[in-house]
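Asks: Using only what follows, build the 3D model:
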Amino acid sequence: MAPLALSAAGNKKIPVGLELYSVRDEMAKDLTATVTAVAKMGYQVVEFYSPYYDWTEDYTKQVRKLLDGLGIRCNSTHNGLQSFSASGMQKAIDLNKILGAKFIVLASAGRPATLDDWKHVAGTLTEASEKFKAVGLRAGYHNHQDEFRVVEGKRPIEVLAANTPKELMLQLDVGTCVEVGSDPVAWIKANPGRINSLHIKDWAPEKGYSVLFGEGVCPWPQIFDAAESVGGVEYYLIEQEGSRYPEIETVQRCLDLWKKMRA
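Replies: Coordinates of the predicted model:
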């Protein structure tokens, strides 16, 4: 009973954030106005996605000043393979340090085809993890559908988990896991302490990812309990591919539904 009790008591202390890809069109038009709107809605955390890598250090400092003024944090960023390469790693480190981030997350591994390909990805993640750790940062990996599809008798996500250090965050994208028929609760329980953040993205068989949070088939209460009692979750990130509403209204509605579910 103790883990459940801790989960119930602690759930409101875990911040909810937004993966800013959810408002990508608005971000392209006006980053300051968009992040400000998101903060005023009540989101506590934001996750910048790959275009941030093109920022200068001076611009990144301006963004950090904006976040501090709004009382909102950037705990992690989403990155392409460039941020995990020998030539591009230092820039990712420098920008994430300025932003105050803790995790540099590989958003996609591209199109690995074989288990050996996935082991190579694990090697890239491991090498980056060691270098990030040396400067007080942590590496992370974000799944899509392919990681949960069986290749040569194994799911690639299992290969990644088994061949990377325990401090590497396995950021769980819930919707893509559910879409391909995998059990997110079982996955969280199989990797205690490594599911430090989750992309809270819902999915429904006929409507796909166009549903709002809470409108799909993902077993959210069980997911939250597993994440908080076993997974080691530090923050949640709502993510939307798009919905029947404009971007800003979509993320506002998702947050409203989140508050109702978590009340």
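Asks: Just the CA coordinates for the longest strand seen in the chain, please, in PDB.
Replies: The strand that spans the most residues within the chain, counting by DSSP state E, is strand 73-79. Extracted C-alpha coordinates of strand 73-79, given in PDB (Å, rounded to 0.1, in the frame of the first residue of the first chain):
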ATOM      1  CA  ARG A  73      11.300  25.900 -16.600                       C
ATOM      2  CA  CYS A  74      12.800  24.100 -19.500                       C
ATOM      3  CA  ASN A  75      13.700  20.700 -18.100                       C
ATOM      4  CA  SER A  76      14.700  19.100 -21.400                       C
ATOM      5  CA  THR A  77      15.100  19.700 -25.100                       C
ATOM      6  CA  HIS A  78      14.400  17.500 -28.100                       C
ATOM      7  CA  ASN A  79      17.300  17.000 -30.500                       C
END
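Asks: residues of the next helix or strand after it that come out buried?
Replies: Downstream of strand 73-79, the first helix or strand assigned by DSSP states H and E is helix 89-99. Using 16 or more other Cβ atoms under 10 Å as the test for burial, helix 89-99 gives Met89, Ala92, Ile93, Leu95, Asn96, Ile98, Leu99. C-beta: built from backbone N, CA, C; applies to glycine.
Asks: got a markdown table for these, with distance to Pro15 and pLDDT too?
Replies: A markdown table is the format used below for the buried residues of helix 89-99 (distance: Cβ to Cβ, whole Å; pLDDT from 0 to 100):
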| residue | distance to Pro15 | pLDDT |
| --- | --- | --- |
| Met89 | 27 | 98 |
| Ala92 | 23 | 98 |
| Ile93 | 24 | 98 |
| Leu95 | 22 | 98 |
| Asn96 | 18 | 98 |
| Ile98 | 20 | 98 |
| Leu99 | 16 | 98 |
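Asks: these two touch, right, Phe213 and Ile200?
Replies: Yes. At 5.9 Å, Phe213 counts as touching Ile200 under the criterion of Cβ atoms under 8 Å.
Asks: Now list whatever residues contact both of these two.
Replies: Any residue near both Phe213 and Ile200 by Cβ atoms under 8 Å, 6 or more residues apart in numbering counts here, and that gives Ile238, Trp258.
Asks: on that earlier part again, any idea which of the buried residues of helix 89-99 is closest to Pro165?
Replies: Nearest to Pro165, judged by Cβ to Cβ, of the buried residues of helix 89-99 is Met89 at 16.4 Å.
Asks: contacting residues for the closest one?
Replies: Met89 neighbours (Cβ under 8 Å, 6+ apart): Ser83, Ala128, Lys131.
Asks: ditto for Ala101
Replies: With Cβ under 8 Å, 6+ apart, Ala101 has these contacts: Cys74, Asn75, Ser76, Thr77, Leu137.
Asks: How about Arg149?
Replies: Contacts of Arg149 (Cβ under 8 Å, 6+ apart): Arg155, Pro156, Val180.
Asks: Restricted to buried residues, select those residues in PyMOL.
Replies: Provided next is the PyMOL selection string for whichever of the contacts of Arg149 are buried by 16+ other Cβ under 10 Å:
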select buried, resi 155+156
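Asks: could you redo the contacts of Arg149 as CSV and give each row pLDDT and secondary structure?
Replies: CSV is the format used below for the contacts of Arg149 (pLDDT from 0 to 100; DSSP: H, G, I helix; E, B strand; the rest coil):
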residue, pLDDT, secondary structure
Arg155, 98, coil
Pro156, 98, helix
Val180, 98, coil
